[in-house]
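Peer 1: Need a 3D model of the following:
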Amino acid sequence: MSKLITGTTFGGSEWTPAFVSHLNQRTCIGCGRCFKVCPRDVFDLVDKDDLELDEAFDDDYADFEDDDNSMVMNLKNPDDCIGCEACSKVCPKNCFTHQPKQAA
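Peer 2: Okay, the predicted model is just below:
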């Protein structure tokens, strides 16, 4: 049975990081808060028009046309995530899903 990746805090408590597994671009407002707080190079702010949209997303894409903001956050390097969940804590739209990972 695999064990979850865990760490130890400075105070000696066990901590299980939860890594970013999904970013909901439908609800993202492109504010850049996650980009600014991320200690790694996980995110990138991109133009909504440059996204490769799947059909489900494309059906809802018209919702963006009324928005003034034409930018949205994208997962640039999700493998660089350290599981701190800082992005989720500053996101005003609750766009992130995180999950722990199994140790190798």
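Peer 1: the helices in the protein, which residues?
Peer 2: Using DSSP state H, the helices of the chain run over 33-37, 55-60, 86-90.
Peer 1: which stretch in the ones you listed is the model least sure about?
Peer 2: Taking the mean pLDDT of each of the helices of the chain, the lowest value is held by helix 55-60, a mean of 44.
Peer 1: Name the nearest residue to Cys34, sequence neighbours excluded.
Peer 2: The spatially closest residue to Cys34, leaving aside those adjacent along the chain, is Cys87, at 3.7 Å (C-beta to C-beta, 6 or more residues apart in numbering). Heads up, the C-betas are built off the backbone N, CA and C, glycines and all.
Peer 1: Go ahead and confirm the one you found touches Phe43.
Peer 2: Yes: at 7.2 Å, Cys87 counts as touching Phe43 under the criterion of C-beta atoms under 8 Å.
Peer 1: Mutual contacts of these two, please.
Peer 2: In the contact map built from C-beta atoms under 8 Å, 6 or more residues apart in numbering, the residues linked to both Cys87 and Phe43 are Cys34.
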